[in-house]
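S.K.: sequence and predicted model, in that order:
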Amino acid sequence: MKAVILAAGEGARMGPFTASEPKVMIPVGNRPILEHVVRALAEQDVRDIVIVVGYRRERIMSYFEDGKPFDARIEYAVEGKQLGTGHSLSEARPKVQGEFLVLNGSNLLDHQAISDLIEGRHGPSVLITESENPSKYGVVLLSEDRVSKIVEKPREPIGNLINTGAYALDESIFPAIEALARQGKHDLPSAVEALSATKPVRAIRTKGMWQDALYPWDLLRLNAEVLKSVHSVKAGTIESGVTIRGKVSIGDGTVLRGGSYIQGPVSIGEGCEVGPQSVILPATSLGDNVRVGPFTLVENTILMDDVDVGPSCVLQESVVGMGAKLSAGVLAARGRATPQVEGEWHEVESVGGLIGEDTVLESGVVVEPGAIVGARARVGGNARLRGTIPNGGIVV
Amino acid sequence: MCGIIGYAGYRQAYPILLDGLKRLEYRGYDSAGVAIVGSGLQVVKDKGYITHLEETSEPVPGVLGIGHTRWATHGPPSKENAHPHVDCAGEIALVHNGIIENHAELRERLEKAGHVFRSQTDTETAVHLIESHYKGDLEAAVREAIRGIEGSYAIAVIHAKEPDQVVAARNESPLVIGLGTDENFLASDIPALLKHTNRVVYVMDREIVVLSKDGVKITDFEGRRVAREPQRITWSLEDAEKGGFEHFMLKEIFEEPQAIHDTLLGRVAEPETDSFFKNGYTNIKLVACGTSYHAALVGKYVLEEIARVPTTAELASEYRYSRAPADRPIVILISQSGETADTLGACREANRRGCKTFAIVNVIGSSLAREASRTMLTRAGIEIGVAATKTFVAQLAALYLLAIRIGLERGTLGVEEANRLNEELRRLPRAVQAVLNEAPYIEGLAQKYAKVRDMFFIGRHLGFPIAMEGALKLKEISYIHAEAYAAGELKHGPLALVGPETPVVAIAVRDSVYEKLLSNVREVDARGAPVLAIGTEGDKELRKFVDDVVYVPATNPLFAPVPVVVALQLFAYHVARVRGCSIDKPRNLAKSVTVE
């Protein structure tokens, strides 16, 4: 069976982390979210994959190529203007026949969830899961095991079973998408709901893993989830006096300098330089070519490719985008926060700094919990950052 | 420059040969052909792309054959000049990559002896020469014939009466064997084999191969058996597929951050040193062709600046004409394929002159990698687009690493300074990514500039070789006449050609020559030429003097050629695309030129 992965969207709510790449390419556990989806499919022997791409599509295509490194055969469909998930799927129409799976490229799910969908499908089907936070998602109302209604972001509590955005569908979905498009609605859940009026749409409840990343701090949850299955790999150079505990994956060409302490699960990419005397605590991912200076602490944090962290910094529960440069003594410690994204305030139990790609923080900068620092921002020494600094912003 | 292929096995040879030839099309594509021994010898050939041959001819049955894709050197592209060539009796067929230098003399002699030539190619002499030596044993005839051949060649030969073997020989042209099960292959390059096997044996100079279904026999020209272990190729055929991109060139441009990352990997934190450059020389010569020569020109400034060693850059095809200086410089040869005939020749000449040689190549096990005393690999991965892109930036990254290494070995560069350079070097992939993010903007500019006939590129200092590379890219793929000038030279002549119809691309990044360059920009602006500048991010001043600006991130000025050239590559690509050119296979050009 073929699978269609929807990966055309920008993911504006991810703030500075989608400034130059689509949301699906954000790394968790050192791999793009989309790669985890592709691999979960391949594990269930679903190897013919159509990825619908749009925003910054070159990033996706040059990473996945024709799928060979992932044991899959990948084709691409291009959605020129990103109108919605239904419209996205219709771009893949020439490349599918009969039954096919539809997945969202930015939702992490495991092979169990995919196998539940494949095994449990009976005609058009939607994969649902229990959520503690249903008001952020599409709540699925059932009659027996069939979909009767999908209510997007209900204000009132009406149920806790939500749509995972994973479906088994067939060509009957396309007329439903077209009919709604004529009314200016382009999302896939509406089309599935409309389809359920004409034929039964089965709801399959999975207990497999399914995680969505809506906001930047959600990435830490996904990262920790993925790192649960990290393997111990010790490539590169490990100088004497380095302590490694738990599962730590270390890439080629990486140098761990003496006196550093690393507690897994941790994934360190290729060509990194850590220490001397640095501390990396769970659950942390370092991309490729990352530098962590002496006496720096990094805990439960994502440092994407090419990040350069100077000496004596503290980063807890933080996300740092590609190529950001943090000079000596930058502090991004965790704490309770109420960051604002797209005009909405969010209560976050515990979070550090959210620092966009290619941003430069001069020495002694303090990033308050939940502060969002835009991509390519420049922040002068000893500044204290709270709230949101826009992309390209300058703080003296 | 051509590509050859051979097959001996149990399957139908025709589709295997054609498919393999398609993988070799980057080596030339003005005509193609195959010869198969089935019921007798049958030859199918025509001018044009391989797909044209496929569409116009019927499959020929048979399980043994040879094939060829040609890039014309002797005689224009035509059906007659296409390989395979056959002898007078129509029993022997031969394909050839390289040049037979004494073909005129051989031809005269063979014609006198009654051989009838059908083409103007140098190659045809070889097949008649083999015919003249044939006494029922093809291998012996080939062995005898090559004694009389001077030049560079990889040939593959079949005979109608010997339907179970392909005989091949190599001298100074690439040839590799692929080992299968109950079938064996040979080809000019590995991509042609990868669909069938990843076990390969490299054939060396002055060796003869007899390829059959059951085995491969290698002997040297003197007839001694050669034993050589097969090597396993770890990259896959799919590495060579386009994966969603419209052209290989665009795909390869977008792979540049990775190519630089891979080239730097493990060499920044722990530099490779072995005292090769420590002492015993007073200067360095960088030798290369084409795009690699532009890398050498950048390398000259970089080596002098970082390592403080006098350096010159020279074209490989001209190197041999210079007198061997007594001081024996270290010669650094740069070639993507490691098979470029001129560069390989220069390497041999340098070795002969007693110079230490150092090669920067992208292909492990290539001839240049084997013949130079030391090698540094650019790890850019396979490059299919004829216009070099990612391998160029990887060459620059390698030269930066090398300059730091030489400076450290000679003691002319302090450790602290080296660390600072390394730190900046690490940021190069990001700088390239930032330019790639501007691709849609550059695409828009291309629309505006695509309709012109001529274009000038100007730059100073490091901007000059990059202007040359920008002009070369544009020429190669868009067929716009593009010329690069050192900006200071404009007033010594070329300014006479500048006007409203000739846009000027100016490399105007913020460096020590920025102000001087701006005055050159004013000169061309005063003559009404539209100016497109490549400038440094944040330089709002620049907009006042030029019509359009593509901004690249600020870097150490020594490293600026990398982001700037990425912008120029994207510009050339999109201009060519707007003009509807055959981007991955520009007319008259081949990827790596293994003839002189």
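M.R.: Cool, the structure landed.
S.K.: can we go C-alpha only for contacts and neighbour counts from here?
M.R.: Fine.
S.K.: state the distance from the nearest residue to residue A:40 once chain neighbours are set aside to residue A:35.
M.R.: Among residues not flanking residue A:40 along the chain, residue A:111 sits closest, at 4.8 Å (CA to CA, 6 or more residues apart in numbering or on different chains). From residue A:111 across to residue A:35, the span is 13 Å (CA to CA, to the nearest Å).
S.K.: compare those two (neighbour count), which wins?
M.R.: Higher neighbour count among residue A:111 and residue A:35: residue A:35, with 22 against 19, using other CA atoms under 10 Å in any protein chain shown.
S.K.: spell out which parts of chain B neighbour chain A.
M.R.: B:238, B:241-245, B:251, B:254-255, B:261, B:265-267, B:269, B:426-427, B:430, B:437 (CA under 8 Å from any CA of the partner chain).
S.K.: from those, list the buried ones, please.
M.R.: B:238, B:241-245, B:251, B:254-255, B:261, B:265-267, B:269, B:426-427, B:430, B:437 (16 or more other CA atoms under 10 Å in any protein chain shown).
S.K.: how is chain A carved up into domains?
M.R.: A:2-214, A:226-395 (automatic domain parsing).
S.K.: let me have these in TSV, extended by distance to residue B:387.
M.R.: Below are the domains of chain A laid out as TSV (distance: least, CA to CA, whole Å):
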stretch	distance to residue B:387
domain A:2-214	18
domain A:226-395	28
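S.K.: with respect to burial, which of those scores highest?
M.R.: domain A:226-395 (a mean of 22; mean count of other CA atoms under 10 Å in any protein chain shown).
S.K.: span of that one from start to end?
M.R.: One end of domain A:226-395 to the other measures 35 Å (CA to CA).
S.K.: quick one: residue B:491 is in a strand?
M.R.: No - read with DSSP: H, G, I helix; E, B strand; the rest coil, residue B:491 is helix and lies in no strand.
S.K.: please pull out the lowest mean pLDDT helix or strand from the chain.
M.R.: Unless you meant another one, I'm taking chain A. When each helix and strand of chain A is scored by mean pLDDT, DSSP states H and E, strand A:233-234 comes last, with a mean of 86.
S.K.: switch to chain B, that's the one I care about
M.R.: Going by mean pLDDT, DSSP H and E, chain B bottoms out at strand B:231-232, a mean of 78.
S.K.: and the contacts of it?
M.R.: Strand B:231-232 is contacted from outside by B:198, B:199, B:200, B:201, using CA atoms under 8 Å, 6 or more residues apart in numbering or on different chains.
S.K.: what's near enough to touch the closest residue to chain B within the stretch 201-350 of chain A?
M.R.: Of all residues in the stretch 201-350 of chain A, the one sitting closest to chain B is residue A:253 (4.1 Å; CA to the nearest CA). Going by CA under 8 Å, 6+ apart, residue A:253 touches A:235, A:236, A:237, A:270, A:271, A:272, B:265, B:266, B:267.
S.K.: now for these, which pair is the farthest apart?
M.R.: Spatially, the most separated pair among those is A:235 and B:267, at 14.8 Å (CA to CA).
S.K.: what does the pLDDT read for residue 7?
M.R.: I'll assume chain A. Looking at residue A:7, its pLDDT is 96.
S.K.: meant chain B actually
M.R.: On the pLDDT scale, residue B:7 gets 97.
S.K.: I'd assumed residue B:15 was in contact with it.
M.R.: No - at 10.6 Å, residue B:7 does not count as touching residue B:15 under the criterion of CA atoms under 8 Å.
S.K.: those two: which is more packed in?
M.R.: Between residue B:7 and residue B:15, residue B:7 has the larger neighbour count (other CA under 10 Å), namely 30 against 14.
S.K.: out of the buried ones among the residues of chain B next to chain A, which sit inside helices?
M.R.: Counting by DSSP state H, these place B:251, B:254, B:261, B:426, B:430 in helices.
S.K.: can you redo those as TSV with distance to residue B:441?
M.R.: Output for these, formatted as TSV (distance: CA to CA, whole Å):
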residue	distance to residue B:441
B:251	18
B:254	15
B:261	25
B:426	26
B:430	18
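S.K.: of all those, which two lie farthest apart?
M.R.: It's B:251 and B:426 that sit farthest apart of these, by CA to CA, at 22.4 Å.
S.K.: distance check, residue B:57 against residue B:51.
M.R.: Where residue B:51 is concerned, residue B:57 sits at a distance of 10 Å (CA to CA).
S.K.: no, scratch that, I was asking about residue A:207
M.R.: On the measure of CA to CA, residue A:207 and residue B:51 end up 52 Å apart.
S.K.: for residue A:41, same thing?
M.R.: 35 Å.
S.K.: where along the stretch 101-250 of chain A do the helices fall?
M.R.: A:111-120, A:173-181, A:188-198, A:218-227 (DSSP state H, counting those that start in this stretch).
S.K.: from the contact counts, what lies against the second one?
M.R.: Counting contacts by 3 or more CA pairs under 8 Å, 6 or more residues apart in numbering or on different chains; DSSP states H and E, the secondary-structure elements packed against helix A:173-181 are helix A:85-91, helix A:188-198.
S.K.: ok, now the third one?
M.R.: With contacts taken as 3+ CA pairs under 8 Å, 6+ apart, helix A:188-198 sits against helix A:85-91, strand A:146-152, helix A:173-181.
S.K.: can you add mean pLDDT and give those back as a markdown table?
M.R.: Listed next are these as a markdown table, based on pLDDT from 0 to 100:
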| stretch | mean pLDDT |
| --- | --- |
| helix A:85-91 | 96 |
| strand A:146-152 | 93 |
| helix A:173-181 | 95 |
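S.K.: nearest to residue B:333, out of those?
M.R.: Proximity to residue B:333 (CA to CA) singles out helix A:85-91 among the helices and strands packed on helix A:188-198, at 48.8 Å.
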